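J.: below are the sequence and a predicted model for it; my questions follow.
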Amino acid sequence: MITSVIVFIVVAALLCAAAVITVFGVTQVAMSDSAAIAHDGLHRGLAAPTWSLPDSSGRIVRSPPSKPFQLIVFTDHSLESFPSVIDGLKVLAREATDLEIIVLLRGENATAVAALGLLGLGDLPVVAGKPSLYGRYNVRVSPFVIFIDSAGRVRASSLVNYEWQIMKLWRLANIPLLPDPPSALRCFPRRRLAPKAA
Amino acid sequence: MLVLCAKAAFAVILIIAGGAKLADLAGFAEVLRLFIGTRWPAPAYTCIATGTAFAEVLLGCASLSFPAAKWVNLLALIAGCAFVIVSVTGLALHRGRSCNCFGALSRIKFDVQGVFRSVIFAVFAVLAMIGVGPSAVRLGVTTQALLLAAGAMLISVSFAAAKALAALPEDIRRVRSR
């Protein structure tokens, strides 16, 4: 009897552990798929997280911004592998006067601050965020950019590899948001029956 | 040994299925809608979906932590038979449609493999019913509490995973199921 009890407990524990590993494995495979990553970020029109944090020079940076638009660049020192993105950021910093560009790191990273300076992006405020803040923006991979307007609404959001992608997102961000659509029905659509002929 | 494995496996399957269904009640309610001929208001389907998911979770936890209770084994057997009936009916009437048996964790469809799978689950339940004497697996309170905790952990894991996967767009989930 005792043997049966021990066998049951061991088997149950092993099966529970196997089930947890399997569920995590399935989720990990699905979530790390490139198609799934392409849907990271926040949809246009959604409310972006609000925060205020000091940048590397101690100045407080706020989101949403006081300027009409804010570009949050989610990256770190690995940005040096994307020279085209760096070029795009430089062009926007030079030409878009109504845009505030900030670099949001996943955490304290002195190497990233130094590397960004060497890449010619030293003028941009660099803010040390937290993994949880990245999570609120639904960002897992970098370089990722999100354009936000002064009302705190997301205007454009995407993973970027090239300058043209940043420019295209900037053009998209300049398109005004449509008014909120009527709330979707929360019930199953009813089938409309044709009236019977008399 | 085999009987005890079957008993524990069926309990774990019930917990994961129930936890995953709880994360995507709307999807499971749509499947229920396929099986109910008359048209009811949408909240009715959601209520049935919620009840079914909770019943699975509770039955799984009870089966895991009270293996000696005969009524639990009987309920598990009824659940196993229900799985077979649903999968056979689904195969006959809604072949190829997603059964949402494990919520967003899998895209199992009503097909022949699904029937075989549910028959295996039912066999597990039969073995649990007839193969183990109540005195063979009488657990202490501490062990029951630990197994109950393991069941609760399984519920939260499957719920969280299914919730995360349910948030993915449908086309990605479809690709994953291929």
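T.: Yes, it's here. All values derive from a computational prediction rather than experimental measurement.

J.: what are the buried residues along stretch B:45-65?
T.: Of the residues in stretch B:45-65, those scored as buried under the neighbour-count criterion (16 or more other Cβ atoms under 10 Å in any protein chain shown) are B:45-46, B:48-49, B:52-53, B:56-65. Just so you know, the C-beta spots here come from the backbone N, C-alpha and C atoms, and that holds for glycine as well.

J.: hmm, it touching chain A?
T.: Yes. Using Cβ under 8 Å from any Cβ of the partner chain, stretch B:45-65 reaches chain A at B:Tyr45, B:Leu64.

J.: ok so, going back, just the buried residues of stretch B:45-65 now: which is nearest chain A?
T.: Proximity of the buried residues of stretch B:45-65 to chain A, judged by Cβ to the nearest Cβ, is greatest for B:Leu64, which lies at 5.9 Å.

J.: which residue, neighbours along the chain excluded, lies closest to that closest one?
T.: Once its chain neighbours are removed from consideration, B:Leu64 has its nearest residue in B:Ala11; the separation is 4.1 Å (Cβ to Cβ, 6 or more residues apart in numbering or on different chains).

J.: repeat that for B:Phe102.
T.: Leaving aside its chain neighbours, B:Phe102 sits nearest to B:Ala20 (4.7 Å; criterion: Cβ to Cβ, 6+ apart).

J.: tell me which element the one you found is part of?
T.: Here B:Ala20 sits within helix B:2-23, counting by DSSP states H and E.

J.: gap between B:Pro67 and B:Leu139?
T.: With the distance defined as Cβ to Cβ, to the nearest Å, B:Pro67 ends up 7 Å from B:Leu139.

J.: so the two - more neighbours on which side?
T.: Set side by side, B:Pro67 and B:Leu139 give different neighbour counts by other Cβ atoms under 10 Å in any protein chain shown, the larger being at B:Pro67 (27 against 19).

J.: now do the phi/psi pair for the more buried one.
T.: When quoted as degrees, to the nearest 10, the phi and psi of B:Pro67 stand at phi -70, psi -20.

J.: ok, the residue nearest to it when sequence neighbours are not counted - contacts?
T.: Counting by Cβ to Cβ, 6+ apart, B:Pro67 lies nearest to B:Val137, which is 4.2 Å off, once chain neighbours are set aside. Listed by Cβ atoms under 8 Å, 6 or more residues apart in numbering or on different chains, the contact set of B:Val137 reads A:Ser4, A:Val5, A:Phe8, B:Leu4, B:Lys7, B:Pro67, B:Ala68.

J.: hey, where'd the strands end up in chain B?
T.: Under the criterion DSSP state E, strands are not mapped anywhere in chain B.

J.: pLDDT weak spots in it?
T.: B:131-136, B:169-178 (pLDDT under 70).

J.: for chain A, give me its nearest residue in it.
T.: The minimum distance from chain B to chain A, using Cβ to the nearest Cβ, falls at B:Ala42 (3.5 Å).
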